[in-house]
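1. Attaching a predicted model along with its sequence, questions to come.
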Amino acid sequence: MHTSDAIIEIRELTFGYDAGNPVLDSINLTVKRGQSGCIVGPNGGGKSTLLRLLLGLLTPDRGTIRIFGESPAAARLRIGYMPQYHQLDGAFPITALEVVLQGRIRRGFWGWYTAADRAAAMASLEEMGIASLAPRSFAALSGGQRQRVLIARALACEPQLLLLDEPTANIDPGAEEQFYATLNILRRRMTVLTVSHDLGFVNREIDLVICVNRQLTVHQAGAFNAETANAVYHHEVNLIQHDHSCFCSCKHPEECGEGRK
Ligand SMILES: Nc1ncnc2c1ncn2[C@@H]1O[C@H](COP(=O)(O)OP(=O)(O)OP(=O)(O)O)[C@@H](O)[C@H]1O
């Protein structure tokens, strides 16, 4: 049964691209209103597959997904999505505004964008602090600027759930800092799930750490430590946080063996 404060409810979900070879195996996940999460795990662990299932682009072999109490397909217009950077053709001849307008394409869309579509797209660009880039060619923008345009596109549908796949890949440290600040603002008004290889991300005012490696385990961010990470990745990983404190909380990663694992 749908509980009113659950944004995402996954029950006993199994999915594989090939029969008998599950990428995700009997996973369960509940994300409640007001929570945001970081999805971590090794390459090929199933993180992007989980996002595609949430978007309704893939169908579970077994089990159920409910988003806002509905099927992913029914909830699709309430979900903003930013795909991985390498899935995009950066050279495509299109302006930043036109990229953002793609976020307004609705099911059954046919025809021209309305004035409301253009206003919403400009509002998203403004929110990302890049309204002045609207007429510029997307191909001519820097990695950090493109990333902000793509987040603006995900925001243009005025989502209640935002899914970001590797948003900090391919951007410089300055743009990354800006991104974290933006994320903190967004998560006050919507649920944000972010796939990241960057375990430093975990410390960024995230509520849940969702570890995906065929199985799925959920940890409160404060309880996520080197031991938990090693169990998910099946090897020892480096857990230096972005604020240069250490997961053993000694605050001296340069000297501490714990943080350098
Ligand atoms: N379209 C597809 N057809 C067949 N197999 C696929 C397809 N997409 C992904 N896979 C396989 O499913 C598994 C999970 O892939 P997925 O991309 O979900 O992992 P990931 O955790 O997002 O990895 P990464 O961190 O490298 O992006 C991998 O073994 C991958 O090769």
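-> Thanks, I have the structure now.
2. tell me the SS of Cys38?
-> strand (DSSP: H, G, I helix; E, B strand; the rest coil).
3. Check which residues of stretch 183-198 are buried.
-> Judged by neighbour count (16 or more other CB atoms under 10 Å), stretch 183-198 contains these buried residues: 183, 186-187, 190-196, 198. Using the backbone N, CA and C atoms, a C-beta is placed for each residue, glycine as well.
4. Check stretch 65-82 too.
-> So stretch 65-82, judged by 16+ other CB under 10 Å, has buried residues 65-68, 72, 75-76, 78-82.
5. Could I get the CA-only coordinates of that stretch as CSV?
-> Taking Å, rounded to 0.1, in the frame of the first residue of the first chain, the C-alpha atoms of stretch 65-82 are listed here in CSV:
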residue,chain,number,x,y,z
ILE,A,65,8.1,0.4,-8.4
ARG,A,66,5.7,3.1,-7.3
ILE,A,67,6.6,6.8,-7.6
PHE,A,68,4.2,9.2,-5.9
GLY,A,69,2.0,6.1,-5.6
GLU,A,70,1.9,5.6,-9.4
SER,A,71,3.7,3.6,-12.0
PRO,A,72,7.0,5.2,-13.3
ALA,A,73,5.3,5.9,-16.7
ALA,A,74,2.4,7.7,-15.0
ALA,A,75,4.7,9.7,-12.8
ARG,A,76,7.1,10.6,-15.6
LEU,A,77,6.1,14.2,-16.0
ARG,A,78,6.9,14.8,-12.4
ILE,A,79,10.5,13.5,-12.8
GLY,A,80,13.4,15.6,-14.0
TYR,A,81,16.4,13.7,-15.4
MET,A,82,20.0,14.5,-16.2
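6. Please tabulate the buried residues of stretch 183-198 in JSON lines, including the columns pLDDT.
-> What follows is the buried residues of stretch 183-198, written out as JSON lines (pLDDT from 0 to 100):
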{"residue": "Leu183", "pLDDT": "84"}
{"residue": "Leu186", "pLDDT": "89"}
{"residue": "Arg187", "pLDDT": "88"}
{"residue": "Met190", "pLDDT": "93"}
{"residue": "Thr191", "pLDDT": "94"}
{"residue": "Val192", "pLDDT": "93"}
{"residue": "Leu193", "pLDDT": "94"}
{"residue": "Thr194", "pLDDT": "91"}
{"residue": "Val195", "pLDDT": "91"}
{"residue": "Ser196", "pLDDT": "84"}
{"residue": "Asp198", "pLDDT": "70"}
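7. would you turn the residues you listed into JSON lines with distance to the ligand?
-> As requested, the buried residues of stretch 183-198 are exported to JSON lines (distance: CB to the nearest ligand atom, whole Å):
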{"residue": "Leu183", "distance to the ligand": "19"}
{"residue": "Leu186", "distance to the ligand": "22"}
{"residue": "Arg187", "distance to the ligand": "22"}
{"residue": "Met190", "distance to the ligand": "22"}
{"residue": "Thr191", "distance to the ligand": "20"}
{"residue": "Val192", "distance to the ligand": "17"}
{"residue": "Leu193", "distance to the ligand": "13"}
{"residue": "Thr194", "distance to the ligand": "13"}
{"residue": "Val195", "distance to the ligand": "7"}
{"residue": "Ser196", "distance to the ligand": "10"}
{"residue": "Asp198", "distance to the ligand": "11"}
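8. Spatially, which two of the residues you listed are the most separated?
-> Met190 and Asp198 (21.3 Å; CB to CB).
9. What ranges does the stretch 101-250 of the chain have for its strands?
-> Using DSSP state E, counting those that start in this stretch, the strands of the stretch 101-250 of the chain run over residues 161-165, 191-195, 208-213, 215-220.
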